[in-house]
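A.B. asks: Got a predicted structure here, sequence first:
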Amino acid sequence: EPEDTSRPVRVTDVADVTQISAAYRTTCARRTDGAVLCWGGNQHGQLGLTASPGESDELPHPYRHQVELGTGADRVDVGQRSVCALLSSGELSCWGFNDRMQLARPDTDRVLGPGKSDMAGFVVRRTASSDTSGYGLTDDGGLLSWGALAAREGSINPDPVPAQVLTLSKVHEVAVGPTHGCAIADGSVYCWGSSQKY
């Protein structure tokens, strides 16, 4: 008889969790000691199973995998095809699919394991990502984007270098789907992408 997945079931091998994030088929949790544990789908390398080379597969991964970050994390954000962790050092480590340079890393491999993202001097407090673009919120209310151009203009597309979305300020929230994004800026909601009218 199939397992009933409609009711909450305690995840018994994960303890002391203070933050959780999920998207598509992947879930990651951050423990109080800064460790990041991920499980679920790894179709795009979202589990961070290996640092180099990145590893993706179609297998289910029900067991929690501790991502090797080299240091503790203050936050983890799962995107549509990638994951980013804000490290206790203030740096950002991202892994997963990189076909549009959405990991803010100059590498051209399609799948990358955990590694430091080049934030071009910006410091972010949280991230979000669509299928092809990455976003970061800064402490001063700025919104950054990188990867496939979205929410900002530029002459390079895709662009792995984060740049500020100049049309938005006082941003305190961002939510991103596979092909669109929305942000709350100065009390108003702004959306962009293929689903902004729905």
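C.D. replies: Yep, that arrived.

A.B. asks: got any ranges where the protein has weak pLDDT?
C.D. replies: 1-3, 195-198 (pLDDT under 70).

A.B. asks: Quick check: buried residues in stretch 20-37?
C.D. replies: 21, 23-24, 26-31, 34-37 (16 or more other Cβ atoms under 10 Å). C-betas here are computed from N, CA, C, even on glycine.

A.B. asks: need those in JSON lines with secondary structure and distance to Asp74, can you?
C.D. replies: Output for these, formatted as JSON lines (DSSP: H, G, I helix; E, B strand; the rest coil; distance: Cβ to Cβ, whole Å):
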{"residue": "Ser21", "secondary structure": "strand", "distance to Asp74": "13"}
{"residue": "Ala23", "secondary structure": "strand", "distance to Asp74": "19"}
{"residue": "Tyr24", "secondary structure": "coil", "distance to Asp74": "23"}
{"residue": "Thr26", "secondary structure": "strand", "distance to Asp74": "20"}
{"residue": "Thr27", "secondary structure": "strand", "distance to Asp74": "18"}
{"residue": "Cys28", "secondary structure": "strand", "distance to Asp74": "13"}
{"residue": "Ala29", "secondary structure": "strand", "distance to Asp74": "13"}
{"residue": "Arg30", "secondary structure": "strand", "distance to Asp74": "8"}
{"residue": "Arg31", "secondary structure": "strand", "distance to Asp74": "12"}
{"residue": "Gly34", "secondary structure": "coil", "distance to Asp74": "7"}
{"residue": "Ala35", "secondary structure": "coil", "distance to Asp74": "12"}
{"residue": "Val36", "secondary structure": "strand", "distance to Asp74": "10"}
{"residue": "Leu37", "secondary structure": "strand", "distance to Asp74": "15"}
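
A.B. asks: So what's the gap between stretch 68-84 and the chain middle?
C.D. replies: The chain centroid and the centroid of stretch 68-84 are separated by 7 Å under Cα atoms, centre = their mean, to the nearest Å.

A.B. asks: I meant stretch 113-128, not that one.
C.D. replies: 10 Å.

A.B. asks: Same check on stretch 39-56?
C.D. replies: Relative to the centre of its chain, stretch 39-56 is centred 13 Å away, using Cα atoms, centre = their mean.

A.B. asks: contact partners of it?
C.D. replies: 22, 24-28, 36, 38, 57-65, 67-68, 78, 81-83, 95-98, 109, 111-115 (Cβ atoms under 8 Å, 6 or more residues apart in numbering).

A.B. asks: circling back: can you redo the buried residues of stretch 20-37 as a markdown table with distance to Ser169?
C.D. replies: What follows is these, written out as a markdown table (distance: Cβ to Cβ, whole Å):
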| residue | distance to Ser169 |
| --- | --- |
| Ser21 | 26 |
| Ala23 | 27 |
| Tyr24 | 30 |
| Thr26 | 32 |
| Thr27 | 33 |
| Cys28 | 30 |
| Ala29 | 32 |
| Arg30 | 29 |
| Arg31 | 35 |
| Gly34 | 31 |
| Ala35 | 35 |
| Val36 | 31 |
| Leu37 | 36 |
